[in-house]
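# The following comprises the amino acid sequence and a computationally predicted model.
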Amino acid sequence: MRNILILSTNAQICCQTTDILKQAGYSHIYTAADSRQAFPMIYRLNPKLIIVDLELPPDEIMNLQKTLSGPLMQITLFIAPRQHVDEAVLRLSQQGYTHFVIHPIDRRLFLSAVREIVNSRS
């Protein structure tokens, strides 16, 4: 099973990413609104991909970074809002994260990043 976990409080991002993933054939998609919901799901589901909305509050991002380190860092895809791209992506890339897409989401680029992550961990 290729479980995918989406972390966002933005209903539009959750719906859009879920729809794109379902249309591409991914069926095991789960959502969490904060780190308290996400942590048990990460360990229970053993996801192949974790999608994180960088519009989450800064304390949530910091909590998630503690958990999404090591091997989980390689399966994390961040969705960065256009207005915060430079600072957020620079900070995270300096910490070793390598997968980012910009919101509003380009379907082709998003699916390319998803496939790259999921297929590298198969």
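Sure thing, it's come through. Given the structure is predicted, the values throughout are model-derived calculations rather than measurements. Residues are numbered from 1 along each chain as shown.
# now the helices: where do they sit in this structure?
Counting by DSSP state H, the chain has helices at residues 11-23, 35-45, 58-67, 85-94, 107-120.
# Quick check: the spatially most central residue of the chain vs residue 117, distance?
Taking Cα atoms, centre = their mean, the centroid of the chain lies closest to residue 51, which sits 1.2 Å from it. From residue 51 across to residue 117, the span is 9 Å (Cβ to Cβ, to the nearest Å). Heads up, the C-betas are built off the backbone N, CA and C, glycines and all.
# what touches both of those two?
Listed as contacting both residue 51 and residue 117 by Cβ atoms under 8 Å, 6 or more residues apart in numbering are residue 77.
# So what sits opposite the residue nearest to the centre of the chain in the bridge?
residue 6, residue 77 (DSSP bridges).
# Tell me if I'm right that residue 20 and residue 110 touch.
Yes: Residue 20 is in contact with residue 110 according to Cβ atoms under 8 Å; the separation is 6.0 Å.
# and the two? which has more neighbours close in?
residue 110 (21 against 16; other Cβ atoms under 10 Å).
# what's the angle between the helix or strand of the chain with the lowest mean pLDDT and helix 58-67?
When the helices and strands of the chain are scored by mean pLDDT, DSSP states H and E, helix 85-94 comes last with a mean of 76. Going by axes from the mean of the first three to the mean of the last three Cα atoms, to 10 degrees, helix 85-94 is angled at 20 degrees with respect to helix 58-67.
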